[in-house]
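Student: I'd like to go over a predicted model; first the sequence, then the structure.
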Amino acid sequence: MSQRILTFLPEFLLLVALPIMYMVQRYRASATPKTYFTLSRYFLLACLIFTIVLYNKSGYPEYYENSLYTSLFKVIIYLLAWLWFALSCKWFLVEDRNSLGFYALCLVSLAAVSVMISSLNLGVMAAAWFIINLCNYFLLRLNPEHDENSFVEKSYLISIVFFGLLFVLGCWLIWQSCGSLDYGNVQLSLQHLNHADAKSLIGVGLVLAVMLFSLSLAPFHFWYLDFVKTAILPVSGWVTLIPIFAYFASLVDLVVNMFWSVYPQFQVGMIAFALLSLLIGAAGVNGEDNLRCYFGFSTVFHMGFLLISLISFSANSVFSSFVYLVVYVLSMSGVYTSLLGIKSKGIYLETLSAISGLSKPKPYIAAVLLLFMVSLIGSPPMLGFLGKLSVINNLVLEQNYILVAAVLASLILISNGYLRLVKTLYFEEVSHPFDRTDKGIYIFMFANLVVVVVSLLHPRLLMNDFEKMLITVF
Amino acid sequence: MIFSRERYSRFVSLLLLALGGVLWFNFYENWQFGTSHTSIFRIFEYEKLSLEINLSSTALIYGVVFPFLCMGILSLYNTLTSVQEEQRGRLSGLLMLDLAFLVLLACSTNLLIILACSSLMGVIGLFIVNKFESKKTYIFYNLTSDMALFTAFSIVYTARQSVDLSALNQYAAGGSAPQLVGVLILLSLSLKAGLFLFHNQIFSYRHLSFNRMILLNYCVVPAASLILLTKMSHVFATLEVCRWLIYGLAGLSMLYGFLGALVYDNMKEKALSLNVLLWGFIYGYTGTNPQVSLEGLSGLLVLFYMFNWWLQLVVRSFSDEIYISKMGGSWQRLPLLQLMGGLLSVVLLQQLSALSETATSGQVWIWTLSGSILIIVPYLFAQIFYGDNHCDERVWAFLKNPGILSWLPFFSICLIMLSKCEYYSWSLGAAVLFMVVLLWLNPLRFVAEIYEKDEIQLAEFFERAYEYIIVAPLNILGRILWLTVDFLLIERTIVNSFSHLTEFLIRISKKIHTPRPLEYIAMTIAGLLILFFFMQVKP
Amino acid sequence: MIESLSLLSVIILLPFLGMLFALSSKSDESLGNRNAFNVAVFTVCANLVLILRIFYNLDISKNGLQLVERFNWLENPKIDIILGADVFSVIIIMAVHLAFIIGLYGIKRQSRQKPLVVFGLLFLSLVTGFFLAADIFSFYIFFEAMLFPLFMLIGIYGNIRRDGAIYRFFLYNFLGAAVLFLAVIILYNLQEGQLEISHFSSMKMNEKIEYFMLTSIFISFLSRIPIWPFHYWISSISSNIRNPLVFIITNILPLTGIYGFMRFLPDGMDMLSIFYISALEIIAVITMVFIALIGFTNRDAQYKFFSYITVYYIMYLLALLNHDAFTEINIAFSCFSYLIVIAALEFLSDYLYFEQEEKGLNPDGILCSVPRISFAYSFFILAAVGLPVSSLFVNNFLIVSNLMSKNLNIGLLVVVSLTLVSGALLKNLYRLKDRERLNPDKPCIIDIKRKTYGFLIVIMLILLMSSFKPLWFLEM
């Protein structure tokens, strides 16, 4: 029994941090934002170590399983979370605000993410999903200018409740048809069920709809854009970088190990979602002036790209979309790091026009943004090229030439949008005085670049070793 | 260039003249003794092409080059003694360089070296031409000429895979487009020589000093054209179309030259017309007859050069008065100048008579030239020395005969040529008598009235014609193409449609996403509909 | 990744390293902000020495790629980066470096040199890699990657109408790159592995694939060459840019399209290839005459220059379509002088432009008071029009002959276009030398310094030497 419980140690450690943080808040008078970061960091480190140690141990295999596949995602998530915690700490220090809420909610969210990735039961997954989104809601409320009647907060809450209900309804329908919510059982049942069985199909459709909502694929992207625009910068970055990995891993797991027999019936719909996201994302990037929305649309686009690649859910497509996801997240983390370094008179700049001519006073930040833009376009020699190569190669292998054409056309469109930012940074005159940038930001940017360069020069880790881990999902 | 400073310029010029003199003597000796040298420098060798500088010389080549060398030396001398020339050293240097290329051109049997030499002579000419108006015309005529030659040689190389001169002759005899090649070469040579229709270039030299004008006419591009003509006459002889074209161009050039010499008031234009007359004659006489070489015409060339020189001396005697209509009545004040002109005319007629006597064909050209000279020379004498005095007071007061530095070499050359020719016959005496009669009667005095007519004197018929026929249509076509294809089709249609498409998509994307409850609900429903609408229910 | 590092990789990496040094250099006022500039000059000179070394290692009598270097890069998909060199590629790289050095001299007086040098060196590194790429993936990578520094250079130094220029640049080039990318991936999958460029032309494909491949190749490479309807971007950029280095770099780009055609054109001519090549020939010739005409009539000196560049590139392209090794090497030799000449002319034109802007002068007769520039400018114009002072003379003769051997009409139209653009250049030269239109009341411009003049004399000597023997330096 104790051995079985031990497998939950990483998640448990994340949650243990909460009361300690509370006690620090209560009893330590000189607690600063850094204090909570330090605490979170240690617990996260411990969690990371135990995740690696227990990478293939499963206490309750009917609900929850650790494997190379899940551990890969978890390790990446924890590393990213660690990075983001550190960067967020800078923000809290500058703003001189209490970071307890942020770190506490993030740790809870991380625990839920971990559970979601490893879950083998739809019910567990739904619960984890709800916790993650609830945490997101409370993170959204960390905005100092937040208003109880704010449309964004309310609509987000309503949306997650609505989609949560859809998730539950979906689970219920599946349970009605298959008599179980366990992955293996549902898969077996779906294989033997009549393909026209409406209940199970609607159930599967609803669950997939929730996943698409979570990945902010158009037209379910509405919440995401308003969320990143309204939330404080650390929260926007968190939502952009962290949960996506969990949703991706869960979607793959769901389709491959549960809905495989009925998935082909949804494939066209998924393609429609992907194409719509490509179109709306690319068009949005071309027209948006708010930096957070700009990158929000960019995320919508990249999620569309990811789904296009993933569409067949073959080993190759999962691998290529994973590469794309890693590349995307690395680039986005670089972008958010840069955004943390751009301030004017103590205020973080958030519009495209506000950062015009940045290359002159802040050449290094502008250069990093430039490199990540090029990477996001997928242009060689940047890392983004590997992602693009991987996805297009997979589509060509599947002889999906129409999709290839659509993807390339949308890439040209979004490139035009990204180049708008480059133009603003480099070709326009300075419109604001910029504040001094913290050295830590530079260090993080440099570290990010090093990861990118190493991945580029030595892509075997990304392209070969990860592949071996990923195929364990099948 | 090295001695570009003014104080060294006369010294450098003298030095170069001395060097030229030594070279001239050497050439003369070799020509007379029929010495031949072989010396070939290989520049490079490609897989299918080798280029060499061939300086192998035969007596024939010496003969061809000799008159040009003579004229070159005279030009060097003129440059040295000319009061008006400001850059003596530079001009002499350029002239020496030009002569070097001329020699190489005459020696070479390699089409590429021929092309290179003729182009480089063009370039040297470009540096000699020091007035913008002349340069502009010069450069376009030469460019077209070189490109025509380039094209013709390219076609020959394509067909024969050889750049030897013999390949050109073979091609003319049996190539796939010999007439095209022939016409291109003829076009090139006509442009260089300034034959009728292409004479604008020659006439644009009127803006230059007399010395430079003569030099350019006899030592630079037209000289290259004549040497090329001797090399290409086989081609023209083989091709009927070229033959007729040469006859036409030469005949018209002679007519134009003759009329120009009478009609133009400007002495430089008169000189240039005489040159056009001469080029017309040479083309008509030798162009289609490979048997006739320039060697036989060397005396004539030098004498026409001297005629130009004499006209220059006339202008100088009249204190640089350029218009013949402002001369006249000076026969008593300028006896030496008259004597020089008279002697030169006699020598010229002697040369023509001798040529007529020895020529086996082309008599009609010789007679035409002789006839023209017989009419033009007395007419000029009458205008310059006789009749009423039209000079203004200042010019009249400063009228002076040429100095010793001019008349001594002038007379020496005339006398040497007179004695060398050794041709004295009744026809020469009759011609001289005819000239004297014409001078006395002056039947063409009415032509002088044309000097007053600006519409003729200042008209640039051919320049305008080319402007209307070639340049203006090119300009209009270029403009139309720019407006329709570049601007309307590409800029306004292709590029703008992409940018409009982007703007349209942006508008849609903005409309889709507005933070309003209704949009949220609509999009949620739309998403669910998409998912279930595309769901393929299998039976 | 790297198993061995040899000369080819070093000449790609050296400008890249130079770029990093330039990027980290201090803009020291006491040195006249020259740190980045000096780094660039040193880097390019060092690379030129290495390029010479490569020439000594090459067997110039041999066809095909030599000194091949291979690096394992990706495992899935399995991609190796292969580099190789032949006389064509190395001589072009050398010319690009020389043109680059001339461009660097052109920016010497400018105040904001650092971004120019940084992006310039990056471009140099990538373009060198492009000419050395021996497999389809590395070819594509360099093909697209070089757009990025160019985009930045055009954007930063592209003058007043830059927005439009950048937009067109982006539209055409990224479209071309996207199409090539797809073609490369399809080829890769068709071949089931890495494909060396040299094997492409002899590859067997079914009709559909061949159709697609030819279409892709044509679109992607043509998008770089100023051929209708792709010519507009380069014309609008060329007429806007007033920076010699950027202008030179921009005008090296069409060469990459031409090089692409050279490497990718199929060996055997089936019906499909014949159709494509004939269509291309027609479009190319029409464009050539059209641009030559506009260049001849347009008063803008930069447009004249652009039309000259375009006509030459189209001539090279037309000659390359004949797929003849002898012509290819002639194109390389001709291109060597051509690149140097356009770089030198642009350098001098920009110098004159800025002097004239500074002093509020008219361009007419501006050369009359500056003998050094006047001589250098005249020399380079004469070289540009094909007079025997550079390798353009003999090599153009051979190229045109080759064109005429295939189609006399095309050859003649090429000559007409060459005449028109040469005329346009000369017209411009004599506008600048028109002493009569010079306003004596206005101040004169300052002549170039002795050092710069000396540098130009060296360049002239290089051109003159190349007119005698294109590979003269191998015999030193």
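Tutor: That came through fine.
Student: next one: the closest residue to C:Ile217 other than its chain neighbours from C:Gly176, what distance?
Tutor: Leaving aside its chain neighbours, C:Ile217 sits nearest to C:Phe264 (5.0 Å; criterion: Cβ to Cβ, 6 or more residues apart in numbering or on different chains). From N, CA and C alone the C-beta is placed, and that goes for glycine too. Distance, C:Phe264 to C:Gly176, by Cβ to Cβ, to the nearest Å: 13 Å.
Student: mutual contacts of the two, please.
Tutor: Shared contacts of C:Phe264 and C:Gly176 (Cβ atoms under 8 Å, 6 or more residues apart in numbering or on different chains): C:Phe221.
Student: which one's more surrounded, these two?
Tutor: Between C:Phe264 and C:Gly176, counting by other Cβ atoms under 10 Å in any protein chain shown, C:Gly176 is the more crowded of the two (25 against 22).
Student: could you list the residues of the stretch 201-350 of chain A in contact with chain C?
Tutor: Within reach of chain C by Cβ under 8 Å from any Cβ of the partner chain, the stretch 201-350 of chain A has these residues: A:Phe319.
Student: quick revisit: residues touching the residue nearest to C:Ile217, list them.
Tutor: C:Phe264 makes contacts with C:197, C:200-201, C:217, C:221, as judged by Cβ under 8 Å, 6+ apart.
Student: and what of B:Leu143?
Tutor: Applying Cβ under 8 Å, 6+ apart, we find B:Leu143 in contact with C:385, C:419, C:422-423, C:426.
Student: report the buried members of the residues you listed.
Tutor: Buried members of the contacts of B:Leu143, scored by 16 or more other Cβ atoms under 10 Å in any protein chain shown, are C:385, C:419, C:422-423, C:426.
Student: of all those residues, which two lie farthest apart?
Tutor: For the buried ones among the contacts of B:Leu143, the farthest-apart pair by Cβ to Cβ is C:Thr419 and C:Leu426; their separation is 10.3 Å.
Student: returning to what we had before: and the pLDDT for the residue nearest to C:Ile217?
Tutor: C:Phe264 is assigned 83 on the pLDDT scale.
Student: could you measure from it over to chain A?
Tutor: Per Cβ to the nearest Cβ, to the nearest Å, C:Phe264 is found 18 Å from chain A.
Student: next one: stretch B:423-441 to chain centre, how far?
Tutor: 33 Å (Cα atoms, centre = their mean, to the nearest Å).
Student: please save the CA atoms from it in PDB.
Tutor: What follows is stretch B:423-441, C-alpha atoms only, in PDB (Å, rounded to 0.1, in the frame of the first residue of the first chain):
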ATOM      1  CA  TYR B 423      53.400  60.900-112.500                       C
ATOM      2  CA  TYR B 424      53.100  63.900-114.800                       C
ATOM      3  CA  SER B 425      50.700  63.800-117.700                       C
ATOM      4  CA  TRP B 426      48.600  66.100-119.800                       C
ATOM      5  CA  SER B 427      45.500  65.200-117.800                       C
ATOM      6  CA  LEU B 428      47.100  66.600-114.700                       C
ATOM      7  CA  GLY B 429      47.900  69.900-116.500                       C
ATOM      8  CA  ALA B 430      44.300  70.000-117.800                       C
ATOM      9  CA  ALA B 431      42.900  69.500-114.400                       C
ATOM     10  CA  VAL B 432      45.000  72.300-112.900                       C
ATOM     11  CA  LEU B 433      44.000  74.500-115.800                       C
ATOM     12  CA  PHE B 434      40.300  73.600-115.200                       C
ATOM     13  CA  MET B 435      40.600  74.500-111.600                       C
ATOM     14  CA  VAL B 436      42.200  77.900-112.500                       C
ATOM     15  CA  VAL B 437      39.300  78.600-114.900                       C
ATOM     16  CA  LEU B 438      36.800  77.600-112.300                       C
ATOM     17  CA  LEU B 439      38.400  79.800-109.800                       C
ATOM     18  CA  TRP B 440      38.300  82.800-112.200                       C
ATOM     19  CA  LEU B 441      34.700  82.200-113.200                       C
END
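Student: give the buried residues for that stretch.
Tutor: Within stretch B:423-441, the residues that qualify as buried are B:423, B:427-428, B:431-432, B:435, B:438-439, counting by 16+ other Cβ under 10 Å.
Student: return the residues of the stretch 151-300 of chain B in contact with chain A.
Tutor: Within reach of chain A by Cβ under 8 Å from any Cβ, the stretch 151-300 of chain B has no residues at all.
Student: low-confidence ranges, the stretch 151-300 of chain B, go.
Tutor: Within the stretch 151-300 of chain B, the stretches with pLDDT under 70 are B:288, B:290-295.
Student: would you map the strands across it?
Tutor: In the stretch 151-300 of chain B, no segments count as strands under DSSP state E, counting those that start in this stretch.
Student: which residues of it lie near chain C?
Tutor: Going by Cβ under 8 Å from any Cβ, the residues of the stretch 151-300 of chain B near chain C are B:151, B:153-155, B:157-159, B:177, B:180.
Student: hmm, 7 Å instead?
Tutor: B:151, B:154-155, B:157-158, B:177 (Cβ under 7 Å from any Cβ of the partner chain).
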